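1. need a structure here:
(chains A and B)
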Number of protein chains: 2
Amino acid sequence: MGIGIDLGGTTIKGGVVNDQGIILVERLVKTRSHLGYSHVLGDLIKLIEELQLLSPEEQVIGIGIPGILSVDGGTIVSCPNLQWENIPLKRDLEQALSTAVLLVNDATAACIAEAAFGSTRGKANSVMITLGTGVGGGVIINNRIISGAQGVASEIGHMLMEENFYRCGCGKNGCLETFASATAMIRYCHLRINQGYDSTLRSIEDFDGEAIMDAAKAGDSLAEEAVNRLANYLGWAIANINDIINPESFTIGGGLSYAGEFLLEKIQAEAIKRLTYPQYAVPEMVLARFKNEAGMIGAANLGSFI
Amino acid sequence: MGIGIDLGGTTIKGGVVNDQGIILVERLVKTRSHLGYSHVLGDLIKLIEELQLLSPEEQVIGIGIPGILSVDGGTIVSCPNLQWENIPLKRDLEQALSTAVLLVNDATAACIAEAAFGSTRGKANSVMITLGTGVGGGVIINNRIISGAQGVASEIGHMLMEENFYRCGCGKNGCLETFASATAMIRYCHLRINQGYDSTLRSIEDFDGEAIMDAAKAGDSLAEEAVNRLANYLGWAIANINDIINPESFTIGGGLSYAGEFLLEKIQAEAIKRLTYPQYAVPEMVLARFKNEAGMIGAANLGSFI
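-> So this is what the prediction gives:
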């Protein structure tokens, strides 16, 4: 049992999570990052105190962060969504709450949720890839999360694939994220539409990743091209990760994964093409079980995976 | 203390290795793989029995193999150098010797040797890349070797980079091995020479990787181009591996690594260009301490890393 917080760019979600991974109580507030760190810290403290009052017993507190943590897990080194750098969040929360607080990357939290109660339950080794605005990653080896010697492991979205037509926010040109995120698909479709390519997407103002998935399912050829492109690079990245750590399972999560088997089958086919030993070693590739609640459930269970 | 065997395509080397990683006794025989498995097995048994007689106490026996092992570590699933497939080597040796035998991939054995007594001593997380005829890999996380859920982890040489002018023995076009091995450099130099490119290598019959390294050090522009190409792809692979597991250290070993700092500096520069957080997270990149003896030393210490 624990309290799990998902600190996102738009909302802070918190839940009391029981030993079966069920959220017993849930609360959310807007993330007022424009008001600065101390306001967000204050909102976090209030939210956690409220959950503590509602919770039947004393709880471990885990917090999922959309960014990079220091090696000791106490400081947020970089969190572009909140425009934070070198924020000692663990220290500040522990001083205010008099309770131990653990921080974790948000995609790693999702990986924990799946390993504890979801698609990779009972598997000691798994890799999570979350497909949303960006591409996030989580890696669990021998039942422990891998955050790296310098805290920068599981940055799967920033693996360099090949040159692309735009540069990633990380500064590199050709990261997986620029080929395999909702942003990547949207930019690619706009590029092709501007080149004169016809598509049902032209009639949708400000189409998003979901609209592209839907159009692809309905047979729109540009949308299909964009989805196939995403699957191509994801399959390639999965095959390369498999050459390094060969986990039991790769889990596809995040908003784009709601497209379901339609997307998963494409990714599987592209990965198998590039596996080194497809004849006897195909890792499992599955859809995540949890959606928006993954971060809370994983953060609440962080203690069992460190 | 243990007995470590390095079962190579040309020779079988065996040694009694003490607790400081020093080889007390060493023996070698030719690998007569052309005579078939039973002959090689017989030679292996003889070699091990001889080492057992020369060894001061009862020993664990570890054997490094240039191939892929089954998940239980008992069967050689594929070993192209010896033309072996599905060979139950552990069972056959244990029946003959009445002693426990452990098998390990040879590059993983080299990774163990470095972690136990060499360049990554005391580091819980390290990645080894061996540059020889092919490109081998070893991965240690939390002081345990990573062989993968299906036994195909640490196949760093088969990470897919981009299209190349020839196909890898694994069947894929564009593996790291086709850009960053001695074979890759030799083929690249022949290609460029056939295209009319001038080089001091033209005067060397059947030049090898070492000759290319030497020519590059002496300022030959084609040889330098070949070495820079190798460093470029290795740096890229290191950056991508760092995005996944961010180990404390990458160790460069194998025959080509004898070129020393000249090569290492190029690889470091290429990796740093592609790291996601070069401003605060540059993993250590070092040269291996051990050379031909790495396999024996690592195999003898396998028991401490599983």
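
2. How about the residues of the stretch 51-200 of chain A by chain B?
-> With Cβ under 8 Å from any Cβ of the partner chain as the criterion, the stretch 51-200 of chain A meets chain B at residues A:68, A:77-78, A:125, A:137, A:139, A:141-142, A:144, A:146-156, A:158-160, A:162, A:170, A:172, A:175. C-beta: built from backbone N, CA, C; applies to glycine.

3. Among the residues you listed, name the ones in strands.
-> Within those, residues falling in strands by DSSP state E are A:Ile68, A:Val77, A:Ser78, A:Gly137, A:Val139, A:Ile141, A:Arg144.

4. Show me which of those is closest to chain B.
-> Nearest to chain B among those is A:Ile141, at 5.4 Å by Cβ to the nearest Cβ.

5. hang on, the earlier thing: just the buried members of the residues of the stretch 51-200 of chain A next to chain B?
-> Buried subset of those (neighbour count, 16 or more other Cβ atoms under 10 Å in any protein chain shown): A:68, A:77-78, A:125, A:137, A:139, A:141, A:146-156, A:158-160, A:170, A:172, A:175.

6. just to revisit the earlier point, tabulate the ones in strands among the residues of the stretch 51-200 of chain A next to chain B in TSV, adding columns for distance to A:Leu191.
-> Shown next, in TSV, are those (distance: Cβ to Cβ, whole Å):
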residue	distance to A:Leu191
A:Ile68	30
A:Val77	33
A:Ser78	29
A:Gly137	26
A:Val139	32
A:Ile141	38
A:Arg144	41
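
7. Convert the C-alpha atoms of stretch A:73-80 to CSV, please.
-> The C-alpha coordinates for stretch A:73-80 follow below in CSV (Å, rounded to 0.1, in the frame of the first residue of the first chain):
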residue,chain,number,x,y,z
GLY,A,73,17.2,10.1,-6.7
GLY,A,74,16.7,13.2,-4.6
THR,A,75,17.0,16.1,-7.0
ILE,A,76,15.2,16.8,-10.3
VAL,A,77,18.2,17.6,-12.5
SER,A,78,16.1,18.6,-15.5
CYS,A,79,12.3,18.7,-16.1
PRO,A,80,11.6,20.7,-19.3
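
8. wait, what's in contact with A:Thr11?
-> Residues in contact with A:Thr11 (Cβ atoms under 8 Å, 6 or more residues apart in numbering or on different chains) are A:Leu28, A:Val29, A:Lys30, A:Thr31.

9. A:Cys111 now?
-> Applying Cβ under 8 Å, 6+ apart, the residues near A:Cys111 are A:Thr120, A:Ser126, A:Val127, A:Met128, A:Gly137, A:Gly138, A:Val139, A:Ile140, A:Ile145, A:Ser154, A:Thr251, A:Gly298.

10. Just the buried subset of those, please.
-> By neighbour count, with 16+ other Cβ under 10 Å, the contacts of A:Cys111 hold A:Thr120, A:Ser126, A:Val127, A:Met128, A:Gly137, A:Gly138, A:Val139, A:Ile140, A:Ile145, A:Ser154, A:Thr251, A:Gly298 as buried.

11. Would you mind measuring from the first one to chain B?
-> Right, the one you point to is A:Thr120. For A:Thr120, the distance to chain B equals 11 Å [Cβ to the nearest Cβ, to the nearest Å].

12. That residue: which element?
-> Here A:Thr120, judged by DSSP states H and E, is contained in no helix and no strand.

13. correct me, but it touches A:Ile112?
-> No. The pair A:Thr120 / A:Ile112 is not scored as a contact, 9.8 Å apart, by Cβ atoms under 8 Å.

14. Overlap in contacts, those two.
-> Listed as contacting both A:Thr120 and A:Ile112 by Cβ under 8 Å, 6+ apart are A:Ile140.

15. who's A:Ile76 bridged to?
-> A:Ile76 has these beta-bridge partners by DSSP bridges: A:Leu69, A:Ile87.

16. Just give me the neighbour total for it.
-> 24 (other Cβ atoms under 10 Å in any protein chain shown).

17. Might you report the residue contacts of A:Pro278?
-> The contact partners of A:Pro278, taken as Cβ under 8 Å, 6+ apart, are A:Ile272.

18. hang on, it is in a helix, isn't it?
-> No. A:Pro278 is assigned coil when assessed by DSSP: H, G, I helix; E, B strand; the rest coil, not a helix.

19. Backbone dihedrals for it, please?
-> Backbone torsions of A:Pro278, given as degrees, to the nearest 10, read phi -60, psi -20.

20. looking at it, A:Asn246 is touching B:Ile156, isn't it?
-> No. The pair A:Asn246 / B:Ile156 is not scored as a contact, 11.6 Å apart, by Cβ under 8 Å.

21. all strands in the stretch 151-300 of chain A, in order from the N-terminus.
-> Taking DSSP state E, counting those that start in this stretch as the criterion, the stretch 151-300 of chain A carries its strands at A:249-253, A:284-287.

22. what comes up buried for the first one?
-> Looking back up the chat, that one is strand A:249-253. A:Ser249, A:Phe250, A:Thr251, A:Ile252, A:Gly253.

23. domains in chain A, as residue ranges please.
-> As recorded under automatic domain parsing, the domains making up chain A are A:2-106+A:293-305, A:122-287.

24. what's the most buried one of those?
-> domain A:122-287 (a mean of 20; mean count of other Cβ atoms under 10 Å in any protein chain shown).

25. which helix in chain A runs the most residues?
-> Longest helix in chain A, counting residues (DSSP state H): helix A:221-245.

26. which secondary structure elements does that helix contact?
-> On a contact count with 3 or more Cβ pairs under 8 Å, 6 or more residues apart in numbering or on different chains; DSSP states H and E, helix A:221-245 meets strand A:126-131, helix A:177-180, helix A:182-194, helix A:209-217, strand A:249-253, helix A:261-274, strand B:135-141, helix B:221-245.

27. Next one: A:Thr178 from A:Arg229, what distance?
-> According to Cβ to Cβ, to the nearest Å, A:Thr178 stands 11 Å off from A:Arg229.

28. Quick check on the residue of the stretch 51-200 of chain A found nearest chain B: phi, psi?
-> Using Cβ to the nearest Cβ, the single residue of the stretch 51-200 of chain A nearest to chain B is A:Gly148, 2.6 Å away. Dihedral pair for A:Gly148: phi 90, psi 160, per degrees, to the nearest 10.

29. Can you list the strands that the helix or strand where A:Arg27 lies pairs with?
-> Using DSSP H and E, A:Arg27 sits in strand A:23-30. Here strand A:23-30 has these sheet partners by DSSP bridges: strand A:11-17 (antiparallel).

30. How far does the partner strand sit from its chain's centre?
-> 16 Å (Cα atoms, centre = their mean, to the nearest Å).

31. what is the mean pLDDT for it?
-> Mean pLDDT, computed over strand A:11-17, is 97.

32. Same check on stretch A:97-106?
-> Averaging pLDDT along stretch A:97-106 yields 95.

33. same thing with stretch A:154-162?
-> Confidence for stretch A:154-162, expressed as mean pLDDT, is 97.

34. Would you mind measuring the gap between the ends of that stretch?
-> Taking Cα to Cα, to the nearest Å, stretch A:154-162 runs 19 Å from one end to the other.
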